[in-house]
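S.K.: Provide a 3D model corresponding to the input given below.
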Amino acid sequence: MKELYTLKCIGCKREVDEAEEYTNCPHDGLPLEVVMNYEVIGQRINQHALRQMPPTATKYLDFYPIRNKSRVITLNEGGTPLYHAKNLGKELGLKGLYIKVEGANPTGAFKDRGTMVEITKAIELGKKAVVCASSGNMAASVSAYCAKANMPAYVLVPQGTPIGKLAQTLAYGARIIQIRGSYDAAAKLTRAIAMKNGHYLAGDYAYRLEGQKSQAFEIAEQLGWRAPDRLFIPIGCGTNGSAIWKGFREYRMLGFTDNLPKMVGVQARGADPVITAFNGKRSIEPIAIPKTVASAICVGDPLDGRKIINALNESNGAAVSVEDENILEAEKLLARMESIFVEPSAATSLAALQQMAAAGAVDKDETIVLVMTGVGLKDPVTALKVLYSPPVVDPQLDEVQRYLNYGFYEVMAKNVEGSTVLIREMPERKELSAIIRKNFHTELSEEDLDECMKLVESFIEKGKSLQQGDLQHIIEKSFRKSAVKERPLKINDFSVKAGLHQKSVATVRVSYRGKEQDFSAEGVGPVDGIINAVKKSVENNGFRFALTDYEVAVSEGGTDASVNVKMTMEDERKNKVISMGTSPDIIVASVKAFEEGYNLLWAKNRK
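M.R.: Predicted coordinates for the structure are as follows:
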């Protein structure tokens with residue numbers, strides 16, 4: 001019987017023995033590709049059964065370079081939904097807009113399709129462990145399938161990989177090392193590790209591509225056995241886009257469809273070497289330090305760059321770069337209009353479509369598919385950069401109604417990198433009100449605007465310009481301040497003596513129920529010392545309390561970055577409150593949070 005497939009270099013076209021190499025050509029270093037024998041595939045598949053069975057990745061086993069189908073490692077990947085996005089289509093003036101939700105895969109991303117093939121091949125090749133580099137999604141996917149196969153997984157990720165992806169990977173039992181460098185640096189290291197230890201090198205290589213092409217098969221079937229007119233796909237390493245293109249070509253070659261889509265490759269500006277090459281330069285010039293909020297496609301030297309450029313050219317497609325702020329706006333728009341929450345890298349597809357639709361580059365009658373590569377829970381922290389921070393209020397109708405009346409929910413995706421300044425100098429009252437109205441779509445009451453003015457002034461006094469995130473925290477703090485009607489505790493000032501090798505000594509000036517006094521105390525650090533000193537001022541107030549949680553969030557930037565502190569405090573009667581403080585100074589933010597928390601607990605103990 002003829003071979004089901006061979007491995008060949010995409011450059012020199014030499015055939016390579018998979019027992020010796022299955023990633024890059026040993027002669028010129030270019031990626032390898034799987035060349036399927038379609039005569040053999042045609043003999044293997046049952047076309048009637050294929051047309052009747054519902055979509056799922058294992059339905060297409062005859063299309064994969066797997067010799068022994070009984071050894072397949074699967075988590076029931078694939079079969080992801082294709083939604084007709086009617087609300088979004090109406091917004092953009094497009095009748096046939098569809099969303100392929102790859103976040104519905106077992107680990108929340110498209111990678112599972114390729115991992116199913118890769119880990120199965122690792123077993124076929126007799127490997128005992130797997131190593132891979134990842135920006136997050138592949139780490140989680142490879143780790144999950146290795147757990148299923150009872151194989152150790154070693155994963156290298158760039159430092160700063162989203163915590164949602166790291167948590168998944170750790171839960172599956174992988175051994176993770178964070179690299180002080182880019183994805184590209186991690187990928188080079190994994191190759192060396194695999195060669196030295198004889199591990200299977202998983203990644204954006206030939207076998208992965210074969211598994212991920214099943215997205216094209218499913219899309220064609222879900223559209224009534226035809227390809228869309230145009231398909232938008234995010235590009236990181238380029239593997240997934242070229243995989244989908246190969247899938248559409250195979251389905252047409254075997255007679256399942258009679259058309260091919262135009263492929264639109266999308267990258268984030270700051271990590272767009274493929275787009276730059278396609279739209280002007282002949283070859284890809286790597287970006288040494290790629291930068292974008294779309295961490296899953298933050299790749300400066302794409303392994304399959306040549307493959308995806310070939311796919312874009314062959315399909316008469318296009319290549320589009322999108323800005324980070326447009327990516328995050330698209331992420332919000334998709335969630336609000338179609339109830340689909342995706343990670344930033346996936347939202348690049350919609351951002352690119354918006355850009356092309358605005359330029360008149362797509363026709364309203366086209367059938368368009370946006371591939372959404374990963375679920376939003378993969379990277380919720382990035383989404384929160386441009387979303388309203390939910391308030392915490394007492395269970396009282398008037399308190400809840402205060403927030404409902406303001407409608408403080410439409411925060412725009414601006415200042416993604418922390419570079420856009422809203423306020424540099426202390427504004428007049430009307431000017432501040434106008435800034436809030438423009439950026440947050442709300443009008444503050446006179447009382448809350450007073451509090452907001454005071455807080456803005458405290459930032460300006462510290463020499464800190466205000467960005468959107470700063471002002472958002474200030475507004476929320478203003479709401480909360482006016483919600484606390486009685487405030488027995490007021491911290492007027494403090495000073496701290498701290499050193500590298502000794503405890504901090506803090507002195508505070510406190511007004512408690514109108515009486516001002518100074519108190520001093522030691523602590524392990526400045527904040528601990530100040531809180532211990534303040535506790536002395538209230539120790540005879542009639543109730544005991546404790547600080548049970550302390551959370552600090554620092555905005556992007558340098559040492560002058562703004563700080564938002566949240567404290568959880570609980571008294572002996574089990575009353576619990578969450579308080580907050582915001583300032584360019586972590587100590588001031590902590591002091592303000594503690595002051596608010598105590599006053600909230602005091603009010604509860606008065607009832």
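S.K.: can you map out the strands along the stretch 251-400 of the chain?
M.R.: With DSSP state E, counting those that start in this stretch as the criterion, the stretch 251-400 of the chain has strands at 262-268, 318-322, 367-372.
S.K.: now these in JSON lines, with mean pLDDT?
M.R.: Output for these, formatted as JSON lines (pLDDT from 0 to 100):
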{"stretch": "strand 262-268", "mean pLDDT": "98"}
{"stretch": "strand 318-322", "mean pLDDT": "97"}
{"stretch": "strand 367-372", "mean pLDDT": "98"}
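S.K.: Out of those strands, flag the one nearest residue 594.
M.R.: strand 262-268 (40.1 Å; CB to CB). Heads up, the C-betas are built off the backbone N, CA and C, glycines and all.
S.K.: Make TSV out of the strands of the stretch 251-400 of the chain and add distance to residue 199 and mean neighbour count.
M.R.: Formatted as TSV, the strands of the stretch 251-400 of the chain follow (distance: least, CB to CB, whole Å; neighbours: other CB atoms under 10 Å):
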stretch	distance to residue 199	mean neighbour count
strand 262-268	30	27
strand 318-322	35	22
strand 367-372	30	27
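S.K.: Leaving out the residues flanking it, which one is nearest to residue 606?
M.R.: Leaving aside its chain neighbours, residue 606 sits nearest to residue 486 (7.7 Å; criterion: CB to CB, 6 or more residues apart in numbering).
S.K.: Break the chain into its domains for me.
M.R.: 5-110+208-381, 111-207, 406-483, 489-606 (automatic domain parsing).
S.K.: looking at those domains, which has the lowest confidence?
M.R.: Among the domains of the chain, domain 406-483 has the lowest mean pLDDT, at a mean of 79.
S.K.: That domain: how far from the chain's middle?
M.R.: 26 Å (CA atoms, centre = their mean, to the nearest Å).
S.K.: picking that back up, now render the domains of the chain as a markdown table, adding distance to residue 400.
M.R.: Rendered in a markdown table, the data for the domains of the chain read as follows (distance: least, CB to CB, whole Å):
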| stretch | distance to residue 400 |
| --- | --- |
| domain 5-110+208-381 | 22 |
| domain 111-207 | 30 |
| domain 406-483 | 11 |
| domain 489-606 | 15 |
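S.K.: out of those, which comes closest to residue 395?
M.R.: domain 489-606 (11.0 Å).
S.K.: Now do the end-to-end distance for the closest one.
M.R.: 14 Å (CA to CA, to the nearest Å).
S.K.: mind listing the helices for the stretch 401-550 of the chain?
M.R.: Along the stretch 401-550 of the chain, the stretches classed as helices by DSSP state H, counting those that start in this stretch are 429-440, 446-461, 468-483, 526-538.
S.K.: Quick check: which of these is buried the most?
M.R.: helix 468-483 (a mean of 23; mean count of other CB atoms under 10 Å).
S.K.: could you check the angle helix 429-440 makes with that one?
M.R.: 110 degrees (axes from the mean of the first three to the mean of the last three CA atoms, to 10 degrees).
S.K.: one step back: residue 126: which of the helices of the stretch 401-550 of the chain is closest?
M.R.: Nearest to residue 126, of the helices of the stretch 401-550 of the chain and by CB to CB, is helix 468-483 at 52.2 Å.
S.K.: Does anything pack onto the longest helix anywhere in the chain? Which helices or strands?
M.R.: Scanning the chain for the helix with the most residues, using DSSP state H, yields helix 586-606. Under the contact criterion of 3 or more CB pairs under 8 Å, 6 or more residues apart in numbering; DSSP states H and E, helix 586-606 touches helix 468-483, strand 489-497, helix 526-538, strand 545-554, strand 563-571, strand 576-583.
S.K.: Grab the most central residue of the protein for me.
M.R.: The C-alpha lying nearest the average C-alpha coordinate of the chain belongs to residue 379 (CA atoms, centre = their mean; 3.0 Å).
S.K.: and it, how far is that from residue 132?
M.R.: For residue 379, the distance to residue 132 (CB to CB, to the nearest Å) stands at 19 Å.
S.K.: try residue 469
M.R.: Residue 469 is 34 Å from residue 132, by CB to CB.
S.K.: Quickly note the distance from residue 602 to residue 454.
M.R.: For residue 602 relative to residue 454 (CB to CB), the value is 21 Å.
S.K.: same check, this time on residue 499
M.R.: Distance from residue 499 to residue 454, by CB to CB: 33 Å.
S.K.: go on, residue 119?
M.R.: 59 Å.
S.K.: which residues in the stretch 51-200 of the chain form helices?
M.R.: Using DSSP H, counting those that start in this stretch, helices in the stretch 51-200 of the chain cover 86-92, 111-124, 137-149, 163-171, 183-197.
S.K.: What lies in contact with the first one?
M.R.: Residues from elsewhere that reach helix 86-92 (CB atoms under 8 Å, 6 or more residues apart in numbering): 95, 96, 97, 99, 333, 334, 337, 338, 350, 353, 354, 357.
S.K.: filter the residues you listed to the buried ones?
M.R.: Buried by 16 or more other CB atoms under 10 Å: 96, 97, 99, 333, 334, 337, 338, 350, 353, 354, 357, out of the contacts of helix 86-92.
S.K.: Taking those, tell me the two that lie furthest apart.
M.R.: Largest separation among these by CB to CB: 96 and 333, giving 18.4 Å.
S.K.: Can you add distance to residue 38 and mean neighbour count and give the helices of the stretch 51-200 of the chain back as a markdown table?
M.R.: Formatted as a markdown table, these follow (distance: least, CB to CB, whole Å; neighbours: other CB under 10 Å):
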| stretch | distance to residue 38 | mean neighbour count |
| --- | --- | --- |
| helix 86-92 | 36 | 17 |
| helix 111-124 | 18 | 27 |
| helix 137-149 | 28 | 27 |
| helix 163-171 | 37 | 19 |
| helix 183-197 | 31 | 18 |
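S.K.: so which of these comes closest to residue 104?
M.R.: With CB to CB as the criterion, residue 104 lies closest to helix 111-124 of those, at 10.0 Å.
S.K.: How far off centre is that closest one?
M.R.: 24 Å.
S.K.: for stretch 205-218, same thing?
M.R.: Counting by CA atoms, centre = their mean, stretch 205-218 comes out at 23 Å from the chain centroid.
S.K.: OK, contacts around residue 143?
M.R.: 153, 155, 168, 169, 172, 173, 174.
S.K.: now it: how far from residue 137?
M.R.: Residue 143 is 11 Å from residue 137, where distance means CB to CB.
S.K.: and if you look at residue 485?
M.R.: Note on residue 485: its distance to residue 137, by CB to CB, is 49 Å.
S.K.: cool, residue 236 as well?
M.R.: 9 Å.
S.K.: Just the buried ones among the contacts of helix 86-92: which are in helices?
M.R.: 333, 334, 337, 338, 350, 353, 354, 357.
S.K.: how about the residues you listed in CSV, adding distance to residue 28?
M.R.: Putting these into CSV (distance: CB to CB, whole Å) gives the following:
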residue, distance to residue 28
333, 44
334, 41
337, 47
338, 45
350, 38
353, 37
354, 40
357, 41
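S.K.: rewinding a little: what subset of the contacts of residue 143 is buried?
M.R.: With burial judged by 16+ other CB under 10 Å, the buried subset of these is 153, 155, 168, 169, 172, 174.
S.K.: Test my guess that the fifth one contacts residue 146.
M.R.: Yes - the pair formed by residue 172 and residue 146 meets the contact definition of CB atoms under 8 Å, at 7.3 Å.
S.K.: Alright, calling it a day.
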